[in-house]
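Enquirer: task: produce atomic coordinates for the following.
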Amino acid sequence: MDELFKKAALDIKQSKNIVGLTGAGISVESGIPPFRGKGGVWEKFDPMEYATIDAFMSNPSKVWKVLLSAMKDMIEKAKPNDGHNGLFELEKIGKLKTIITQNVDGLHQMAGNTDVIEFHGNFVSYTCLKCKNKITYNEIKLDTVPPRCKCSGIYRPDCIFFGEMIPPEALWRSKEVSSKCDLMIVIGTSAVVQPASFMPIIAKNSGAKIIEINPERTPLSGKISDYIITGGAGEVMRKILKEL
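Expert: Residues are numbered from 1 along each chain as shown. From the prediction side, this is the model:
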């Protein structure tokens, strides 16, 4: 395993344009559970009942009381872990240029990364449905549910609900940066949810190396990834940075 940390450090040193692709696994150490799988958010809440745009628009009070208040609480408590901080260190030394994330927690920006493409939006900022005023999660008050703007409009999170399109700009920018990077570091994603799962394939086909950091093997392992370092995101990033 130590050889893989050295190998990753060398690949990072030799690269000039790194892109990070992250999923729920990088934020687990920050107390944010994944949406899918064992212990995931969808085990507690039926996504068809609480996470579709139709459910929100037809009964925003119900969705706010159950799902959105719980998400707000999680976001308020979460802090970046060594996985997020490690990616920021790679940006600080001029290696990492962009992060593509499936996460909605804003922890990459909190860690300091400046170019983050969010496939699924986020639960950090909120927009009034009526006047389009934007506020952050710490300005949302749940004295009344659903929370309302001064104009009386209802606030919604800037996340992508089921039934909504991934922002076109997020998709084309992700394809663009994936095709131009010389190294992609894939962290904490099962690589089964499209279109994010296509990005390592685009990078690989454009000549980039792919390093995978995951607790267990994924569909990328041994096919698209040049190698996988198994383990938690924080611990692995700490060890790679130590070798750097």
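Enquirer: show me the domain layout of the chain.
Expert: Domain ranges of the chain: 1-32+80-120+166-244, 33-77+121-159, per automatic domain parsing.
Enquirer: where along this protein do the helices fall?
Expert: 2-14, 41-44, 47-50, 53-58, 60-63, 69-77, 82-92, 107-111, 168-180, 199-205, 233-243 (DSSP state H).
Enquirer: quick one: least confident helix or strand in the chain?
Expert: helix 41-44 (a mean of 74; mean pLDDT, DSSP states H and E).
Enquirer: related to what we said a few turns ago, hey, least reliable of the helices of the chain by pLDDT?
Expert: Among the helices of the chain, helix 41-44 has the lowest mean pLDDT, at a mean of 74.
Enquirer: name the residues of that one that come out as buried.
Expert: In terms of neighbour count (16 or more other CB atoms under 10 Å), helix 41-44 has its buried residues at Val41. Backbone N, C-alpha and C define where each C-beta goes, glycine included.
Enquirer: and the least confident helix or strand of the chain, what other elements does it pack with?
Expert: Contact partners of helix 41-44 among helices and strands, from 3 or more CB pairs under 8 Å, 6 or more residues apart in numbering; DSSP states H and E: none.
Enquirer: still on that earlier bit, nearest to Asn138, of the helices of the chain?
Expert: helix 69-77 (7.0 Å; CB to CB).
Enquirer: ok, now how distant is Ala170 from Arg148?
Expert: For Ala170, the distance to Arg148 (CB to CB, to the nearest Å) stands at 28 Å.
Enquirer: then Gly86?
Expert: 40 Å.
Enquirer: neighbour-wise, which of the two wins?
Expert: Gly86 (26 against 16; other CB atoms under 10 Å).
Enquirer: residues contacting that one?
Expert: For Gly86, the contact set (CB atoms under 8 Å, 6 or more residues apart in numbering) comprises Ala233, Gly234, Met237, Arg238, Ile240, Leu241.
Enquirer: burial measure for Ile228, as a count.
Expert: By the measure other CB under 10 Å, the count of residues near Ile228 is 19.
Enquirer: what about it, distance to Ile185?
Expert: The value you get for Ile228 to Ile185, if CB to CB is used, is 11 Å.
Enquirer: rounded mean pLDDT for the longest strand that the chain contains, please.
Expert: The longest strand of the chain (DSSP state E) is strand 121-128. Mean pLDDT, strand 121-128: 97.
Enquirer: do the same with stretch 217-226
Expert: 90.
Enquirer: re the thing from before, what's the most buried one of the domains of the chain?
Expert: Stretch with highest mean neighbour count among those: domain 1-32+80-120+166-244 (a mean of 20; mean count of other CB atoms under 10 Å).
Enquirer: for it, the distance to its chain's centre please.
Expert: Here the centre of domain 1-32+80-120+166-244 is set off from its chain's centre by 10 Å, with CA atoms, centre = their mean, to the nearest Å.
Enquirer: now do stretch 121-137
Expert: That offset, for stretch 121-137, works out to 18 Å (CA atoms, centre = their mean).
Enquirer: alright, calling it a day.
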